[in-house]
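**Student:** Compute the structure for the input listed below.
(one chain, ligands or ions: 1)
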Amino acid sequence: MKITDVDTVVCDAGMRNWVFVRVRTDQGLVGWGEASTEWRTHSIVGAVRDFVPLLIGEDPYRIEHLWQKLFRQQFWKGGVITMSALSGIDQALHDLKAQALGVPLYELLGGRVRDRIRLYDHLGGGDPDAVYGALSAERFADSARRSVEAGFDAVKVLAVPMGAGLPSGAALRTTDRVMAAVRDAVGDEVEIMIDLHGRCTPAAAIAFAGVLRPYRPWFLEEPCQPELVEELPGIAAGAGIPIALGERLSGRGEFLRVLRTGAVAVLQPDVCHCGGLSELRRIAGLAEAFGVTLAPHNPLGPIATAHNLHFAMATSNWLIQEQMRAAAPIWDDILTTPLEFADGYAVPPPGVGLGTAVNEAVAAAHPGTETEVQLSTRLPDGSLCDW
Ligand SMILES: [Mg+2]
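**Tutor:** The predicted model follows:
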């Protein structure tokens, strides 16, 4: 069997474009991956195209060989664009090979270590223009209550306003109100994860953690911008809440650097950016050696979610899977077999390979947009802030 074509299918998912990667062979098999990277659609499509000459005519069974070829045989390696393109191709090769072998994809990853996959619900990012004082505790509490009613026993909240250099009293009180309302809404048995979204300075993260800690958050995500690796031990010690991060990292080297700080409890690699399933498995191995668990980042499309479900099925030091329920209006229609979630759990779609594929007619009816939704990230004084 030989690879005859590698291309992308870009789809307008409402709040962002989804970039699906398609690998085809001379035997008619098609494998699907996802390389969605918000606001970088053209770059990702171009990066996949740059890889095509390295793949045409190759044996798709040689997943590791091809991963190494794409990573090592070009002078420029790494970076989120290259690694996201590589991620989509690597996923598609796994799907394709599992189909050819007539087995579910997770069999290529070592086989089942669990029967079903625990999910957590993402309650959204707050109001798009939320700055200090603008977060709605009631909205988050309602949303959390609906999640629990739907069967989830874990939710994630962005309980900290944007733009926290040093938190004002109003900002701390807002965070306290949000966290109190959500804890009150879900009770003591539901896990609440807090995503700071890299909005904070290290000092601000510690201050917000002091407010959050009495409500027993499960973990504190991205307490600061990803490049501030040396600050992590101080943040972890000051926060007193397990630290989670990794959604903006790619490649094992970046994950190893944060693991070596000893400050991280949970890694959150994204299968669309970290280097695909091949690199995700290596990152999981590194994490296991450091006694760290995984909660893979997953706010993108359903093809990425399906790959994550197969990975979770076969990975021992895995904790929980992020799921943005009803994140896009075409979520179910875009797949030939929709993913099924029930009572806060999921299993991979049945069948061989990924168990589902992109419905190309639906994708064609929703072509990617040139203008993905942009969020406002300004403070009241007009200056920019991380969102
Ligand atoms: Mg996050």
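
**Student:** Point out where the chain drops to low pLDDT.
**Tutor:** 125-135, 164, 325-327, 376 (pLDDT under 70).

**Student:** where do the strands sit along it?
**Tutor:** 3-12, 17-25, 30-34, 117-122, 154-157, 191-195, 220-221, 243-245, 266-267, 293-294, 321-323, 341-342, 345-346 (DSSP state E).

**Student:** Thr82 is nearest to which of the ones you listed?
**Tutor:** strand 17-25 (13.5 Å; Cβ to Cβ). Yep, even glycine has a C-beta here, placed from its N, CA and C like the rest.

**Student:** Check which strands are paired with the closest one and give the direction for each one.
**Tutor:** According to DSSP bridges, strand 17-25 forms sheet pairs with strand 3-12 (antiparallel), strand 30-34 (antiparallel).

**Student:** quick one: which of those is nearest Phe51?
**Tutor:** Among the strands paired with strand 17-25, the nearest to Phe51 by Cβ to Cβ is strand 3-12 (6.8 Å).

**Student:** Can you list the buried residues in the closest one?
**Tutor:** The neighbour-count check on strand 3-12 (16 or more other Cβ atoms under 10 Å) flags 3, 6, 8-12 as buried.

**Student:** Also stretch 96-108?
**Tutor:** Across stretch 96-108, burial judged by 16+ other Cβ under 10 Å covers 96-100, 104-108.

**Student:** again with stretch 245-254
**Tutor:** For stretch 245-254, a neighbour-count test (16+ other Cβ under 10 Å) marks 245-252, 254 as buried.

**Student:** Please list the outside residues in contact with it.
**Tutor:** 78-80, 83-84, 198, 221-223, 226, 232, 255, 258, 264, 266-270, 273-275, 279, 282-283, 286, 297 (Cβ atoms under 8 Å, 6 or more residues apart in numbering).

**Student:** What about those, which are in helices?
**Tutor:** Taking DSSP state H, the ones among the contacts of stretch 245-254 that sit in helices are 80, 83-84, 232, 255, 258, 279, 282-283, 286.

**Student:** would you list those residues in CSV and tack on neighbour count and distance to Thr336?
**Tutor:** Converted to CSV, the ones in helices among the contacts of stretch 245-254 look like this (neighbours: other Cβ atoms under 10 Å; distance: Cβ to Cβ, whole Å):
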residue, neighbour count, distance to Thr336
Val80, 21, 29
Met83, 27, 27
Ser84, 28, 24
Leu232, 21, 42
Phe255, 28, 33
Val258, 20, 37
Glu279, 23, 27
Arg282, 18, 30
Ile283, 26, 29
Leu286, 16, 35
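
**Student:** Just give the nearest non-adjacent residue to Arg112, would you?
**Tutor:** Met313 (5.4 Å; Cβ to Cβ, 6 or more residues apart in numbering).

**Student:** Show the contacting residues for the one you found.
**Tutor:** 106, 109, 112-114, 117, 347-348.

**Student:** Can you give me the distance of it to Glu340?
**Tutor:** Taking Cβ to Cβ, to the nearest Å as the measure, Met313 falls 14 Å from Glu340.

**Student:** Over to Ala137?
**Tutor:** Separation of Ala137 from Glu340 (Cβ to Cβ): 32 Å.

**Student:** These two: who's more crowded?
**Tutor:** Ala137 (19 against 12; other Cβ atoms under 10 Å).

**Student:** From what I see, that one and Val178 are in contact.
**Tutor:** Yes: the pair Ala137 / Val178 is scored as a contact, 4.6 Å apart, by Cβ atoms under 8 Å.

**Student:** quick one on the thing from earlier: which among the strands of the chain is found nearest to Glu372?
**Tutor:** strand 17-25 (5.7 Å).

**Student:** Would you mark the buried spots in the closest one?
**Tutor:** So strand 17-25, judged by 16+ other Cβ under 10 Å, has buried residues 17-25.

**Student:** Go ahead and produce PDB holding the CA coordinates of it.
**Tutor:** Extracted in PDB, the C-alpha atoms of strand 17-25 (Å, rounded to 0.1, in the frame of the first residue of the first chain):
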ATOM      1  CA  ASN A  17     -12.200  26.700  11.700                       C
ATOM      2  CA  TRP A  18     -11.600  23.000  11.900                       C
ATOM      3  CA  VAL A  19      -8.700  21.800   9.900                       C
ATOM      4  CA  PHE A  20      -9.000  18.100   9.100                       C
ATOM      5  CA  VAL A  21      -6.100  16.200   7.500                       C
ATOM      6  CA  ARG A  22      -6.900  13.400   4.900                       C
ATOM      7  CA  VAL A  23      -4.400  10.700   3.900                       C
ATOM      8  CA  ARG A  24      -5.400   8.600   0.900                       C
ATOM      9  CA  THR A  25      -3.800   5.400  -0.500                       C
END
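
**Student:** Could you list which residues are in contact with Ala239?
**Tutor:** When the contact criterion is Cβ under 8 Å, 6+ apart, the partners of Ala239 are 205-206, 209, 213, 220, 223.

**Student:** Those residues: which two are farthest apart?
**Tutor:** Farthest pair in these, by Cβ to Cβ: Arg213 and Pro223, 12.8 Å.

**Student:** With neighbour numbers in mind, choose between those two.
**Tutor:** Pro223 (32 against 14).

**Student:** Thanks a lot, see you next time.
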